[in-house]
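S.K.: give me the fold of what follows.
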Amino acid sequence: MSKCACKLFKGQPCHTQFDPAVVEDLRLNYLAMTRQELDIAILAQLSTGIHLDAAARHDRVSKERRASKTSYALHGHPICRDFLKYVHNISQDKLTDLIKHYTCKSVGIEARVHKLSKKLPANALSFQDTKRVVDFIVNYAEVHAIMLPGRHPGHWKANYKLLPLNVTRRKVYDDYCLAGADSGIRVVARSTFYRLWRQLLPFITTMRPATDLCWFSQNSVLMLRSANSPDSEKSQAARDALGHLDKARQERSFYQQCCAESRASLPADITTLSQEKRSACSFSGIAHYSFDFAQQVHYPSNPLQPGPIFFKTPRKCGLFGVACEALPCQVNFLLEECVSTGKGANCVVSLLHFFFENYGLREEHVQLHADN
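M.R.: Predicted coordinates:
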């Protein structure tokens, strides 16, 4: 504990009359206070010991007071100024400012307010700047985000708009900077962009990882979470899950290797999947494609499902996509339910044949990956 040079307690320093543990506990309590709370606590201490009389009395003679005198106390015992500053963890400058605040402004026990607290700084965001940020994020979500189909586990609100995993907040901010530079408007800082997004648009967010687990992973998770399954089955499920993850990691590495080889062998003049006619095997390289069926799309579609829709049968539309990761570019096939033949081999081969005939790069070597 800090020593003081006073002799207010029987010729000894004033802090010796208190238990050190009690003093440290008080100091920690003051450290936990906010700036306004600490100001009020110290001003309350000053109000009990400050002398504001116009005249000072010395040896039965009254003289005009030149400066205010302040007496300090703790738990009813007089203490010195240094010990008061130690207990409240303040400096001499702050104590002087609080005394001036109490005596000169005659405001009493009231926390100090910064003189610029009610004045906006010169670099503050205007309403138009904030509105441009909000409009950009909302319009960006309208193009790239998807709506939740009603209530969904993990999201207690139904109005969430989920951006794809590859669309991070940094990517959205980079696109915002490019759009702002082209339009000649003020571009806010990245931290400000994130703060406005978090405060004003909390319902627009990025999808969480592992939201599209495969069937094997879902069954393994359910087995591990089950309270009625024996430990032997849980242990076996954990080993199977680790083996499955290792296999998936190897498949992912092979997939990334195939994409890298395809990207390296792609000529510079090919930039998109066009329908222009090319001769067969005119591209002496490797092309990599991924294809998969998506969930059926119902239309007319409404995530909130109002009452009259339950009396109608919406039309179903199948969605099949083929992506070339080297470009990157994707071709989607929309399949009406009246002409759909299912998701078997005949349908997949027919769609791939049409894709290679009309959109293929006419490569000599091809690598195919079926998602899931």
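S.K.: so which bits of the longest strand seen in the chain are buried?
M.R.: Using DSSP state E, we find that the single longest strand of the chain is strand 283-299. The neighbour-count check on strand 283-299 (16 or more other Cβ atoms under 10 Å) flags Phe283, Gly285, Ile286, Ala287, His288, Tyr289, Ser290, Phe291, Phe293 as buried. The C-beta positions use only the backbone N, C-alpha and C, and glycine is treated the same way.
S.K.: ok, it: who's next to it in the sheet?
M.R.: strand 315-324 (antiparallel), strand 363-370 (parallel) (DSSP bridges).
S.K.: out of these, which comes closest to Ala241?
M.R.: Closest to Ala241 of the strands paired with strand 283-299, according to Cβ to Cβ: strand 363-370, at 22.5 Å.
S.K.: what's the closest non-adjacent residue to Ile109?
M.R.: Spatial nearest neighbour of Ile109, excluding adjacent residues (Cβ to Cβ, 6 or more residues apart in numbering): Leu43 at 4.6 Å.
S.K.: surely that neighbour is in a helix?
M.R.: Yes - secondary structure assignment places Leu43 in a helix (DSSP: H, G, I helix; E, B strand; the rest coil).
S.K.: please tell me how far it sits from Tyr30.
M.R.: Distance, Leu43 to Tyr30, by Cβ to Cβ, to the nearest Å: 13 Å.
S.K.: tell me which of these two has more neighbours.
M.R.: Neighbour count, other Cβ atoms under 10 Å: between Leu43 and Tyr30, Leu43 has more, with 20 against 15.
S.K.: name the nearest residue to Arg186, sequence neighbours excluded.
M.R.: Closest residue in space to Arg186, ignoring its immediate chain neighbours: Asp129 at 5.5 Å, by Cβ to Cβ, 6+ apart.
S.K.: could you point out which element follows the helix or strand where the one you found lies?
M.R.: For Asp129, the host element (DSSP states H and E) is helix 127-144. Once the chain leaves helix 127-144, the next helix or strand it forms, by DSSP H and E, is strand 146-147.
S.K.: identify the residues contacting that next one?
M.R.: Strand 146-147 is contacted by residues Asn159, Tyr160, Lys161, Leu162, Pro303 when judged by Cβ atoms under 8 Å, 6 or more residues apart in numbering.
S.K.: what sits against the residue nearest to Asn332 when sequence neighbours are not counted?
M.R.: Closest residue to Asn332 apart from its sequence neighbours, by Cβ to Cβ, 6+ apart: Gly321 at 4.8 Å. By Cβ under 8 Å, 6+ apart, the contact list for Gly321 reads Phe291, Asp292, Ala294, Gln330, Val331, Asn332, Phe333.
S.K.: which of those sits closest to Leu266?
M.R.: Gln330 (15.6 Å).
S.K.: does the closest one belong to a helix, a strand or coil?
M.R.: Following three-state DSSP, we place Gln330 in the strand state.
S.K.: Phe333 now?
M.R.: Three-state assignment for Phe333 (three-state DSSP): strand.
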